[in-house]
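J.: sequence? don't have it. structure:
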């Protein structure tokens, strides 16, 4: 409920208007049976036609007023819940942008997606139903009881007893069903995870001929969800039957007692009609409330799941709100690692240990090492996707923890190992790094990235369509477009995280030559596995088991660093054997 109150507060005036319209609506609906009873009593007691006509006119006016308030109340309620749902999604999305990689691993991408889409939809639906079907119930109960007691005290007390019994049963069943709905949301996360795995990994599934295995896995997830849902719904089905029985029993009691009470002059025929109408209206809203109560445990669990994300303290937080002062944008040493060590929160030993190097303006620094040595983790530390465990990373002489994340990333351009493009056009993707980039700037970046030939061959050029993830382009094309996107930004530091792996050797060499001219005023950090990609770098850092095994130029490392020499010899030997096989007939 704290979550609802938080997002309801900005729309309090709309909430008040909605509640007032619902009160007028229900008051008019309750006034109609009273007038109908009065009209019936007038007809049986010989009242004048004018008196009956006046009562009928009041009934018509009450019906019109109630109908208008129903329409306006429904519109106001839908507007209110839609705005609350929008605010929740925006808040959850904004929060997700602040989460680190570790935070995403903690929650799970599928779970974050479910909470943003499905959970908030459940909350929105339940809130709409609660306002329209549950919120008026106390008012209806109180007014109906007062009107029934006014007509006959004994029948009014019996109606009160029936209402209390049904209400207690509803609370008991809702509490017993709450754990089942909590389980349902976890099962929904599981279904979403499996479904996303099957859709994104469909080629792997087909390649290993495992369609039947995945169908069985998905079937088990569906079956677990269905069984739990059936168990929860059975409890509410029992509540429906008991509620109908209690209200129908009340109607029988009214008819049984009313004969003697009419003969004794304590009741009129119209009063019986009014009391039964009150009971029927109470039954209707009870049944509607029960349908909403079926949603409540699930909605409350959804609220809890959303609240957990919103209350989560991100691993990475801004320690300062403004840009660092002083800050030298022209410092020759753009990036410096000062005895940096890093350990993941769930790890027992350091992933990186005592790294100490500097990336200078106008120079290219390369990092090479075996698989699992922490090369990509260095890029994550520079971008503050993680914070160092010990030591410091300096940008232009300032610790990156002493500047806002936005300020830091404005000065960096990152091309990740797995090139990712957004749905839209090529121009949209290039402007992702600089919204104001001109067409000439984008064409120049495309040419430098060696993508000008294939982009120019497309019918729409820069306006060509890009599918989600860039799946309508090859891996090499995606990498070149990602590099072009980084070049459009013109940052102080370029980070290429194994961004040339999908390029052939000829394109790789041409791209490196073009980059050397384009990045003269910036520092370049290349993370790679191929020696041919980084052998012309101004300095090469060799990683081995998370530590620096060597630093220097290519020729120096061949003489002084055994790890680098092994990498070089293994790659040149493989290339030589491949060339020999190609030459053999």
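T.: Cool, got the structure. For clarity, every value in this text was computed on a predicted model and none was experimentally measured. Numbers count the residues shown, from 1 in each chain.
J.: burial count for residue 505?
T.: Using other C-beta atoms under 10 Å, residue 505 has 12 neighbouring residues. All C-beta atoms are positioned from the backbone trio N, CA, C, and that covers glycine.
J.: ok, and the closest non-adjacent residue to it?
T.: Once flanking residues are discounted, residue 505 sits nearest to residue 532: 6.5 Å by C-beta to C-beta, 6 or more residues apart in numbering.
J.: do residue 80 as well
T.: Leaving aside its chain neighbours, residue 80 sits nearest to residue 14 (4.9 Å; criterion: C-beta to C-beta, 6+ apart).
J.: Can you pull the phi/psi pair for the one you found?
T.: phi -70, psi -30 (degrees, to the nearest 10).
J.: Please name the residues that touch it.
T.: 76, 79, 80, 83 (C-beta atoms under 8 Å, 6 or more residues apart in numbering).
J.: of these, closest to residue 167?
T.: Distances from residue 167 to these, taken as C-beta to C-beta, are shortest for residue 80 (26.1 Å).
J.: distance of the closest one from residue 304?
T.: 22 Å (C-beta to C-beta, to the nearest Å).
J.: Which of these two has more residues huddled nearby?
T.: The neighbour comparison of residue 80 against residue 304 (other C-beta under 10 Å) goes to residue 80, with 22 against 14.
J.: does that one count as helix, strand or coil?
T.: Following DSSP: H, G, I helix; E, B strand; the rest coil, residue 80 is assigned to helix.
J.: these two touch, right, it and residue 16?
T.: No - the criterion here is C-beta atoms under 8 Å, and residue 80 misses it with residue 16 at 10.2 Å.
J.: Find the centremost residue of the protein, please.
T.: Nearest to the mean C-alpha position of the chain, by C-alpha atoms, centre = their mean, lies residue 116 at 3.0 Å.
J.: Once you drop chain neighbours, what's closest to that one?
T.: residue 92 (5.1 Å).
J.: just residue 58 next, same as before
T.: Closest residue in space to residue 58, ignoring its immediate chain neighbours: residue 35 at 5.5 Å, by C-beta to C-beta, 6+ apart.
J.: Over to residue 509?
T.: Nearest one to residue 509, counting by C-beta to C-beta, 6+ apart, is residue 532 at 8.0 Å.
J.: Am I right that that neighbour is in a helix?
T.: Yes - according to three-state DSSP, residue 532 belongs to a helix.
J.: Now for it, how many residues are close by?
T.: Residues contacting residue 532 under the criterion other C-beta under 10 Å number 16.
J.: Could you look up the next helix or strand downstream of the helix ranked longest in the chain?
T.: Assignment by DSSP state H gives helix 211-263 as the longest helix of the chain. Sequence order places helix 269-311 as the next helix or strand after helix 211-263, per DSSP states H and E.
J.: Tell me the gap between that next one and the middle of its chain.
T.: Relative to its parent chain, helix 269-311 has a centroid offset of 28 Å by C-alpha atoms, centre = their mean, to the nearest Å.
J.: Which residue ranges of the stretch 51-200 of the chain form helices?
T.: Secondary structure of the stretch 51-200 of the chain (DSSP state H, counting those that start in this stretch): helices located at 101-107, 109-114, 120-129, 136-151, 153-200.
J.: I misspoke; the intended subject was the stretch 301-450 of the chain.
T.: Under DSSP H, counting those that start in this stretch, the stretch 301-450 of the chain gives helices at 375-382, 405-410, 426-430, 439-448.
J.: Mean pLDDT, mean neighbour count and distance to residue 256 added to those, as TSV?
T.: Converted to TSV, those look like this (pLDDT from 0 to 100; neighbours: other C-beta atoms under 10 Å; distance: least, C-beta to C-beta, whole Å):
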stretch	mean pLDDT	mean neighbour count	distance to residue 256
helix 375-382	91	21	78
helix 405-410	90	16	75
helix 426-430	93	22	75
helix 439-448	92	18	85
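J.: which residues touch residue 119?
T.: 185, 302, 305, 306.
J.: Residue 96 reaches residue 112, doesn't it?
T.: Yes - the pair residue 96 / residue 112 is scored as a contact, 5.8 Å apart, by C-beta under 8 Å.
J.: Run through the strands of the stretch 351-500 of the chain in chain order.
T.: Using DSSP state E, counting those that start in this stretch, the strands assigned to the stretch 351-500 of the chain run over residues 352-360, 364-369, 390-395, 398-399, 412-415, 424-425, 465-466, 493-497.
J.: most tightly surrounded among the helices of the stretch 51-200 of the chain?
T.: Highest mean neighbour count of the helices of the stretch 51-200 of the chain: helix 120-129, a mean of 21 (counted as mean count of other C-beta atoms under 10 Å).
J.: Just list what that helix packs against, helices and strands only.
T.: Here helix 120-129 touches helix 2-8, helix 49-98, helix 269-311, going by 3 or more C-beta pairs under 8 Å, 6 or more residues apart in numbering; DSSP states H and E.
J.: If we use 10 Å, what do you get?
T.: Helices and strands touching helix 120-129, by 3 or more C-beta pairs under 10 Å, 6 or more residues apart in numbering; DSSP states H and E, are helix 2-8, helix 49-98, helix 153-200, helix 269-311.
J.: What angle do helix 136-151 and the last one make with each other?
T.: Orientation note: helix 269-311 sits at an angle of 160 degrees relative to helix 136-151 (axes from the mean of the first three to the mean of the last three C-alpha atoms, to 10 degrees).
J.: any idea of the mean pLDDT in helix 269-311?
T.: For helix 269-311, mean pLDDT is 80.
J.: quick one, that helix and helix 120-129 angle?
T.: Counting by the same axes, to 10 degrees, helix 269-311 points 150 degrees away from the direction of helix 120-129.
J.: One more: the third one?
T.: In this structure, helix 153-200 runs at an angle of 160 degrees to helix 120-129, with the same axes, to 10 degrees as the basis.
J.: Domain-wise, how is this structure divided?
T.: Following automatic domain parsing, one finds the domains of the chain at 2-311, 329-411+493-502+523-580, 417-490.
J.: can you list those domains in a markdown table and add distance to residue 320?
T.: As requested, the domains of the chain are exported to a markdown table (distance: least, C-beta to C-beta, whole Å):
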| stretch | distance to residue 320 |
| --- | --- |
| domain 2-311 | 15 |
| domain 329-411+493-502+523-580 | 6 |
| domain 417-490 | 23 |
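J.: looking at those, which one has the lowest mean pLDDT?
T.: domain 2-311 (a mean of 83).
J.: Now do that one: distance from first to last residue.
T.: The straight-line separation of the ends of domain 2-311 (C-alpha to C-alpha, to the nearest Å) is 12 Å.
J.: tell me how far it is from the chain's mean position?
T.: Computed by C-alpha atoms, centre = their mean, the separation of domain 2-311 from the middle of its chain amounts to 26 Å.
J.: Report the contact partners of the residue nearest to residue 58.
T.: Residue 35 sits next to 54, 55, 56, 57, 58, 59, 60, 61, 62, 63, 270, 274 when contact means C-beta atoms under 10 Å, 6 or more residues apart in numbering.
J.: list the buried ones in the helix or strand containing it?
T.: In this assignment (DSSP H and E), residue 35 forms part of helix 12-44. Going by neighbour count (16 or more other C-beta atoms under 10 Å), the buried part of helix 12-44 is 14-15, 17-19, 21-42.
J.: same deal with stretch 226-245?
T.: Residues 228, 229, 232, 236, 239, 242, 243 are the ones in stretch 226-245 that count as buried (16+ other C-beta under 10 Å).
J.: what residues are up against the closest residue to the fifth one other than its chain neighbours?
T.: Nearest non-adjacent residue to residue 239, counting by C-beta to C-beta, 6+ apart: residue 173, 5.0 Å away. Contact analysis of residue 173 by C-beta under 10 Å, 6+ apart lists 232, 235, 236, 237, 238, 239, 242, 290, 293, 294, 297.
J.: of those residues, closest to residue 547?
T.: Distances from residue 547 to the contacts of residue 173, taken by C-beta to C-beta, are shortest for residue 297, at 53.0 Å.
J.: Cool, thanks, talk later.
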